[in-house]
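A.B. asks: what's the 3D shape of this:
(one chain, ligands or ions: 2)
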Amino acid sequence: MAISTDLILAKKLLEKGQLVAIPTETVYGLAGNALDPLAVAAIFETKNRPSFDPLIIHVASIDEVATYCSEFPEPLRKLASAFWPGPLTLLLPKTSQIPDLVTSGLDRVAIRVPNHPQTLALLQSLDFPLAAPSANPFGYISPTTPEHVNAQLGEFIPMILDGGTCKVGLESTIVGMEGDDVVIYRLGGLEIDAIESIAGKVKLQDHSSSNPQAPGLLESHYAPAKPFVLGDLTKLIPHYTSQGKSFGVLSFQNFSKEVALEKQLRLSQNGNLKEAAANLFAAMRSLDGMNIEFILAELVPDHDLGKAINDRLKRASAKRG
Ligand code: TXA
Ligand code: MG
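C.D. replies: Ligands and ions are numbered 1, 2, ... in the order given. As a prediction, the model looks like this:
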């Protein structure tokens, strides 16, 4: 397995139907030729992902939507013009070019133009789009560095395209339409306010584990292996201390005086939500790797990117199984 910046090698591997982990501004993706059902099947297998959970396709520019989607409703076209390349995924009716496996048999395909120079150059050099879910085993925390990908999927793939650390750090915001309504299906790296500034008032689709509207938006997701307890740290810390439990702490801005510093991570000393988003998944991973029994965490302010951060924190703490 190579961690490399070699775009020619990445192109060759993908053209042979193999998988390459690719950097994006949101998280690393596990990419394969979206038009090749065997490559798509290999993605599901490598991630251990159930085949009812569809994949996002990545294209080089808005012009490619016409090839893979049969309609482009005006509100979504405006959003694409405003925010692509960027952390926005659109659900659009698919053409027959897209294999049913990509969409898990659904009529709509999820499509986006990622904002990362190497991956855009790679997409421009290919004559097919890349299907790419986040490059983590199903249900685990999304990777934001090549090392994160390598730790879990390195042995199963020939190459990780090294594009450094992901700048946004949260997955894309997923948007589609229901009738005349613009609907957000997953909160993510593009804030609701930004979307509403272009598309007007949007609906937020509430998804639950019992009836996920977008399959894969399961309640327990983005989850560390260790129990992840979300609440008021000023109460959780004394409680777990008095029980004699070993734990690490994930806080928004402040360190706690009651806990050893090496057992604590904070998302942003200055309370900056963009910085907190960029640090979130790496912090969850390092706590998961510590010699502790529990991870204690708190919500961040619930506005702007804080809404998407809180969505991930709640899913990380949701009961499994
Ligand atoms: O930022 C991102 O979106 C990253 C990077 C790699 O682009 N990708 C990503 O993919 O987060 P993934 O597969 O981990 O999450 C995609 C989500 C899943 O929850 C899936 O259920 C939903 O998008 N999805 C994909 N296609 C869909 C479709 N046709 N209809 C409804 N939901 C869909
Ligand atoms: Mg994912």
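A.B. asks: on the three-state scheme, the closest residue to residue 69 other than its chain neighbours is what?
C.D. replies: The shortest distance from residue 69 to any non-neighbouring residue, by Cβ to Cβ, 6 or more residues apart in numbering, is to residue 92 (3.8 Å). All C-beta atoms are positioned from the backbone trio N, CA, C, and that covers glycine. Classification of residue 92 by DSSP: H, G, I helix; E, B strand; the rest coil places it in strand.
A.B. asks: and for residue 288, nearest residue in space, chain neighbours not counted?
C.D. replies: Leaving aside its sequence neighbours, residue 288 sits nearest to residue 224 (Cβ to Cβ, 6+ apart; 3.9 Å).
A.B. asks: residue 271 now?
C.D. replies: Leaving aside its sequence neighbours, residue 271 sits nearest to residue 253 (Cβ to Cβ, 6+ apart; 4.9 Å).
A.B. asks: would you confirm that that neighbour contacts residue 270?
C.D. replies: Yes. Judged on Cβ atoms under 8 Å, residue 253 makes contact with residue 270 at a distance of 7.4 Å.
A.B. asks: and residue 22, how close does it get to ligand 1?
C.D. replies: 7 Å (Cβ to the nearest ligand atom, to the nearest Å).
A.B. asks: kindly list the main-chain dihedrals of that residue?
C.D. replies: Note on residue 22: its backbone torsions stand at phi -120, psi 150 [degrees, to the nearest 10].
A.B. asks: if we can go back for a sec, just list the residues touching the residue nearest to residue 69, thanks.
C.D. replies: 65, 69-73, 76, 108-109, 111, 176 (Cβ atoms under 8 Å, 6 or more residues apart in numbering).
A.B. asks: tell me the one of these nearest ligand 1?
C.D. replies: residue 108 (4.6 Å; Cβ to the nearest ligand atom).
A.B. asks: rewinding a little: separate out the buried members of the contacts of residue 92.
C.D. replies: 65, 69, 76, 108-109, 111, 176 (16 or more other Cβ atoms under 10 Å).
A.B. asks: from these, which are also near ligand 1?
C.D. replies: 108-109 (Cβ under 6 Å from any ligand atom).
A.B. asks: just the strands in the stretch 201-321 of the chain please.
C.D. replies: Ranges of strands within the stretch 201-321 of the chain are 203-204, 228-230, 247-251, 264-266, 294-297, based on DSSP state E, counting those that start in this stretch.
A.B. asks: got it, and the stretch 51-200 of the chain?
C.D. replies: Using DSSP E, counting those that start in this stretch, strands in the stretch 51-200 of the chain cover 56-58, 88-93, 108-112, 130-131, 159-161, 173-178, 181-186.
A.B. asks: whichever residue of the stretch 51-200 of the chain sits closest to ligand 1 - nearest residue in space that isn't next to it in sequence?
C.D. replies: Nearest residue of the stretch 51-200 of the chain to ligand 1: residue 133, at 2.9 Å (Cβ to the nearest ligand atom). Leaving aside its sequence neighbours, residue 133 sits nearest to residue 55 (Cβ to Cβ, 6+ apart; 5.3 Å).
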